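[1] Model the following, please.
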Amino acid sequence: MRILRVITRLNIGGPSIQALALTSRLAARGATTTLIHGRLGEAEGDMRYLAAPQASLQFVPTLQRAIAPLDDLRALRALYAAMREFKPTLVHTHMAKAGLLGRLAAFAYNLTRGPGPRAYVVHTYHGHVLEGYFNRVMTGVFIGLERMMARFTDAIIAISPAIRADLLGTYHIGRPEQYQVVPLGFDLAAFAAVDSAARGRARAELHIPGEAPVLATVGRLTAIKNYSLLLDAAHLVANGRPNLVVLLAGDGELRSALEAQAARLGIAANVRFLGWRRDLPAIYAATDVFALTSRNEGTPVALIEAMATGVPGVATNVGGVGDVIANTSMGVTVPLADPRALATAIERLIADPEARRRMGAAAREHVLARYDIARLTNDIDALYQKLHAGQA
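    Numbers count the residues shown, from 1 in each chain. Next up is the predicted model:
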């Protein structure tokens, strides 16, 4: 089988981790596989370091997240040319822009390929951009485009039941029989290995006093992640706990605005902007409570990593969060845009170490069983083989 995978860019996040892992792991099973990726945005972390040495990657500089009509046409042409050269058995796209251009290129390739079997087309929704990203007019345009692209797609993968229900029930994208729910999978061994000794070492490395409560988050400093809410809640917690330490691991276009907000709230000394970090097990090891404040999420990777480390999470109840924090034994969900509810949940966990320990243990057990990389590889391989056999 010849698999051509297309992703908008290899920035920090679950889609990149999954695309890189599947590229190398399916190659190890005998598939000929190539991953095409585009250009990173400003201040976005680069995950190409995760690529296996034998992985085949191809860079298309005009493929990017931003809407740029001329570059988008050039990227479409480059994708079509790559397909003509590679002659894929299957094209699998990830993320919105790659999903649009990659599936258009695959449609054109199938029309013009000449004799021989057509390429099957698969698209993964790691989330979607249909809520919280654009204004009403642009959102309507994107909904129309996604409905059209579904007609050119053999299989649609949703990474959680909530995303499948949203795409079908709210946005009417595709047909039920096109969908497969395939949860994400990761190599969580480094996170699962974190123990109490690692906590002490991590705090020493980060110069955090042993008795200080630590609240942490990891991700892009962008509007959809809603870190303004996190800072508002941290301000409320810090009123009663002036030794609170808040770790923000990540970067993005809102960093300066968030730094200014922390200063206005009087918590600049509490909040540490760490930038992009590769030592995430150490960040989680130093953490008492993990916070996720997004306006929209597919399956939140950082939350899964924190839970695998045994750190309980407090998260806004959006998108696929409820599939990760499946019940109150393993974490807490709060309403969107309610800093007091978020602060109350954080404070309760900080105040009760035994509750944190129990919740962290349940969280670790849940995510290690559900989000394993071997399970993901098996699920995707089985879907590919089913399509190739004409059974899907």
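[2] gap between A361 and F273?
    Distance, A361 to F273, using C-beta to C-beta, to the nearest Å: 30 Å. C-betas here are computed from N, CA, C, even on glycine.
[3] These two: who's more crowded?
    F273 (17 against 14; other C-beta atoms under 10 Å).
[4] Report pLDDT for that one.
    We have a pLDDT of 97 for F273.
[5] Can you tell me the closest non-neighbouring residue to it?
    With C-beta to C-beta, 6 or more residues apart in numbering as the criterion, F273 has its nearest non-adjacent residue at 5.2 Å, and that residue is L248.
[6] Can you tell me the SS state at the one you found?
    strand (DSSP: H, G, I helix; E, B strand; the rest coil).
[7] Can you give me the neighbour number for it?
    26.
[8] Tell me which residues touch it, please.
    A216, T217, L221, Y227, L230, L258, V271, R272, F273, L274 (C-beta atoms under 8 Å, 6 or more residues apart in numbering).
[9] Among those, which ones are in helices?
    Y227, L230, L258 (DSSP state H).
[10] Tell me the one among these nearest to H94.
    Nearest to H94 among those, counting by C-beta to C-beta, is Y227 at 24.8 Å.
[11] follow-up on the earlier one: which one of the contacts of L248 sits closest to V289?
    A216 (7.6 Å).
[12] Now do the closest one against D232, distance only.
    Counting by C-beta to C-beta - A216 and D232 are separated by 17 Å.
[13] so where do the strands sit in this structure?
    Counting by DSSP state E, one finds strands in the chain at the ranges 2-7, 32-37, 56-59, 90-94, 120-125, 155-158, 179-181, 214-218, 245-249, 271-275, 289-292, 313-316, 331-334.
[14] for the first one, which positions count as buried?
    The neighbour-count check on strand 2-7 (16 or more other C-beta atoms under 10 Å) flags I3, L4, R5, V6, I7 as buried.
[15] try the third one
    Of the residues in strand 56-59, S56, L57, Q58 count as buried by neighbour count, 16+ other C-beta under 10 Å.
[16] Reformat these as CSV; add distance to R164 and pLDDT.
    Listed next are the buried residues of strand 56-59 as CSV, based on distance: C-beta to C-beta, whole Å; pLDDT from 0 to 100:
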residue, distance to R164, pLDDT
S56, 31, 92
L57, 30, 95
Q58, 30, 96
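[17] Would you mind giving those residues as JSON lines with distance to R147 added?
    Output for these, formatted as JSON lines (distance: C-beta to C-beta, whole Å):
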{"residue": "S56", "distance to R147": "33"}
{"residue": "L57", "distance to R147": "31"}
{"residue": "Q58", "distance to R147": "29"}
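[18] Now flag whichever of those is closest to R356.
    Distances from R356 to the buried residues of strand 56-59, taken by C-beta to C-beta, are shortest for L57, at 40.6 Å.
[19] Quick check: the gap between the closest one and L50.
    From L57 to L50 the distance is 11 Å (C-beta to C-beta).
[20] quick one: contacts for the spatially most distant residue from the centre of the chain?
    Computed with C-alpha atoms, centre = their mean, the residue of the chain farthest from its C-alpha average is P115, at 38.6 Å. Applying C-beta under 8 Å, 6+ apart to P115 gives no contacts.
[21] what's the distance between it and A28?
    31 Å.
[22] do the same with Y125
    26 Å.
[23] Please say which of the two ends up with more neighbours.
    Y125 (26 against 11).
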